[in-house]
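Predicted model, plus sequence, below.
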Amino acid sequence: MAAIQAIHVRSYEERSSPKPHIVYRIEIQAHVRSWQMWRRYSEFDELHTDLAKSTGSAPPCSLPPKHKFAILRSRNPKILEERKAGLEMYLRAILSAKEEKWRESLPFRDFLGIPTGKGTSSGATSGGSGGSQFTLASWLDEHMQLQTLIRDVRADINKRDALADNGDIVSSHKVNVSAKSKLAGVLSRIGALGEGLRELGMDGMSEGELQRRTDMVARLQDECEKLGRMVTVARQTSKLSAGLAAGRAASESDREALLGPAAATSTLKPITRVFGASQPKETEITRPLDNQGLVSLQKTQIQQQDDQLSQITTILQRQRQLGLAINNEITGQIDILNDLSNEVDKVGDKLTSTSKLMKRLG
């Protein structure tokens, strides 16, 4: 658990399946990555019971109390905020406790989605090599979130079309850009979801369940592909088409009057998005983005690289300090060995002299 640097309960949301309930978003930050888990209050309650059973004593902090009226709780932001703060204090108390038995226990590690197999100490990275960032339950939570985001993207596309029908081209473009940005985020998370599923399969998931979840990921990818085509090519409404046609006819008429019929029939080279001297290859992440979205994506990737470099720098500094400490220790040991060698030589000389004296006396 030394890899966990910080833990926060950032937000909450209400879900309707299988019945209305509240889930809390937990953010876990480790040395080289961070990830999130969604947990219900009932899961916190089960964790508290499991920790007491597995360790023989209750954790050092109590959970926030249950509310008698669930309907009132679910509609009262003040109560939900107080509970969110109480749950965060509960998790932090376990992490900062002097005794390690609670935070090192299997129920707590499973609750936070920390791998328990090989590579546990280095596996808490976002896409790290030491284990899966998902448990069986958190994988389903992530899948449900992605379904919600896909519905949001579809709603944005419908809103874009409605705005275009009303002639509000500027607002329609802004909504379309927002839809592209959301879709790019969904695509990247679907990739992480598929990787997490492969790791769960390697950890012993049944073949039937693995196939079912593989189909779930495939359906998400198909849906994103359809939405990608929809957001890439903006819909031309009848009003917009009529306006463009009228403007094009007037432009061609003026051009013909000024330059003659031959010039009026010439066509302009279509404007396309060009990056430098050659057109780069599109990827699943960049395809649904416009120029603004690409710049935003690039800034995000650069920031992530800077953060990783900063973390690597910190690790290298620690390695340097450790190397210096080892060097000092070795130097001290060499000095001690040299002193011991000198003492051995002195004792050897004394033994030689004593042997000679013994021979003379004999």
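Perfect, I can see it now. Keep in mind that this is a model prediction, so the values were computed, not measured. Numbering: from 1, shown residues only.

Pairing partners for the longest strand along the chain, with directions?
Using DSSP state E to define each element, the chain has its longest strand at strand 4-15. Using DSSP bridges, strand 4-15 pairs in its sheet with strand 21-30 (antiparallel).

Strand partners (parallel or antiparallel) of the next helix or strand after the partner strand?
On the C-terminal side of strand 21-30, the closest following helix or strand by DSSP states H and E is strand 34-40. Paired neighbours of strand 34-40 in the sheet (DSSP bridges): strand 21-30 (antiparallel).

Can I get the partner strand in CSV? Just the C-alpha atoms.
Taking C-alpha atoms only, strand 21-30 is exported to CSV below (Å, rounded to 0.1, in the frame of the first residue of the first chain):
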residue,chain,number,x,y,z
HIS,A,21,-29.3,4.3,-5.9
ILE,A,22,-26.3,6.6,-5.3
VAL,A,23,-22.7,5.8,-6.2
TYR,A,24,-19.6,7.7,-5.1
ARG,A,25,-16.6,8.3,-7.3
ILE,A,26,-13.3,7.4,-5.5
GLU,A,27,-10.0,8.7,-7.0
ILE,A,28,-6.8,6.8,-6.1
GLN,A,29,-3.4,8.4,-6.8
ALA,A,30,-0.3,6.2,-6.9
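
Run through who's touching the longest strand of the chain.
20-31, 36, 74, 80, 84-85, 87-88, 91-92, 95, 103, 112, 114, 124, 144 (CB atoms under 8 Å, 6 or more residues apart in numbering). Every residue, glycine included, has its C-beta placed from N, CA and C.

now do stretch 57-64
41, 44-45, 48, 51-52, 82-83, 86-87, 89-90, 93-94, 97, 102.

List buried residues within those.
41, 44, 48, 51, 83, 86-87, 90, 94, 102 (16 or more other CB atoms under 10 Å).

Give me the subset of these that lies in strands.
Per DSSP E, those never map to strands.

What segments of the stretch 251-362 of the chain are helices?
Assigned by DSSP state H, counting those that start in this stretch, the stretch 251-362 of the chain shows helices spanning 261-264, 291-361.

Those: which one's closest to V153?
Proximity to V153 (CB to CB) singles out helix 291-361 among the helices of the stretch 251-362 of the chain, at 13.1 Å.

in terms of contact, does K159 touch K174 like I think?
No: with contact defined as CB atoms under 8 Å, K159 and K174 do not form a contacting pair (10.2 Å).
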